[in-house]
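1. Next one to model:
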Amino acid sequence: MTEETVLTRDELAYINRLVNRAGPDTGAPRTGFRIDGGPQPNELLVRLASQTELSLQAKFPDFTMSFPLQLKEDEFHNLDLQLAPPLIYEEHGSVTRAWRLQLEEPLALLTSDGSESSLSVQELSSHGLLVNAGKHRKPPKHFHLCLALPDDAPLEIEASRVREMKGGLAAYEVEFAKEQDAERIRAFLYQQHQRLHPELQPELPVDLV
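-> Take a look at the predicted model:
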């Protein structure tokens, strides 16, 4: 049986500082950990990173955070393990699903020229949207529009409808043209999750993020 590793609050607070120190839109390299386990362990890590996706898991009673990891090797064969903003999942009994942020103010989806479309986002997750098309409009099967996060530049999204509901609402699965855009969404969700659930990381003041 595999033993589960549980992060302490000090360790999680340190990870929070690393992730939030350099956002994906700054152009600066992410801060991470320098690894020096010796030639053989380092070689094993490099092989693992080349064949699979690495992540760091932080588990709470109702949530799980999965921090994507990227291994970088310099010309001296030093290894740096870099953290990206996490995927956040919520637990409902035996069901695990992506955490969805209910927006206090809907976000308008923009056309390529920056004008507002007839669609607005009411809920946001790392790979999905709950969109309102209006009570008398049928939500489209697909759309390619721009989402402007608060205090951030718009990012392009490609969305496909997965479920239609009453009142002009529909759930969409989202694809991003760039991994950097997916990271921007995850960083925004991570900040909002910290704001809404400060009890999970009391050592990290909300104003740091």
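2. What ranges in the chain fall below the confidence cut-off?
-> Under the criterion of pLDDT under 70, the regions of the chain flagged as low confidence span 1-33, 36-41, 201-209.
3. what do you get if the cut-off is 80, keeping everything else the same?
-> Counting by pLDDT under 80, the low-confidence segments of the chain come to 1-52, 71-81, 199-209.
4. longest helix of the protein?
-> For the chain, the helix with the greatest residue count under DSSP state H is helix 179-196.
5. Now do the buried residues in that one.
-> When burial is assessed from 16 or more other C-beta atoms under 10 Å, helix 179-196 yields the following buried residues: 181-194. All C-beta spots, glycine's among them, are computed from the backbone N, C-alpha and C.
6. Quick check: of the residues you listed, which lies closest to residue 147?
-> Sorting the buried residues of helix 179-196 by how near they are to residue 147, with C-beta to C-beta, puts residue 185 at the top with 8.2 Å.
7. pretty sure that closest one is in contact with residue 129, am I right?
-> No - with contact defined as C-beta atoms under 8 Å, residue 185 does not count as touching residue 129 (10.0 Å).
8. Now the residue nearest in space to the middle of the chain: closest residue in space that isn't a chain neighbour?
-> Central residue check for the chain by C-alpha atoms, centre = their mean: the C-alpha nearest the mean position is that of residue 186, 2.1 Å away. Taking C-beta to C-beta, 6 or more residues apart in numbering, and ignoring the residues beside it in sequence, residue 186 has residue 85 as its nearest neighbour in space, at 3.9 Å.
9. and the gap between that neighbour and residue 183?
-> Distance, residue 85 to residue 183, by C-beta to C-beta, to the nearest Å: 6 Å.
10. Could you do residue 145 as well?
-> When distances are taken as C-beta to C-beta, residue 145 and residue 183 turn out to be 19 Å apart.
11. what sits against the residue lying closest to residue 71 once chain neighbours are set aside?
-> With sequence-adjacent residues excluded and distances taken as C-beta to C-beta, 6+ apart, residue 71 is closest to residue 49, at 3.9 Å. When the contact criterion is C-beta atoms under 8 Å, 6 or more residues apart in numbering, the partners of residue 49 are 69-71.
12. Also residue 103?
-> Residues 121-124 are the ones in contact with residue 103 under the rule C-beta under 8 Å, 6+ apart.
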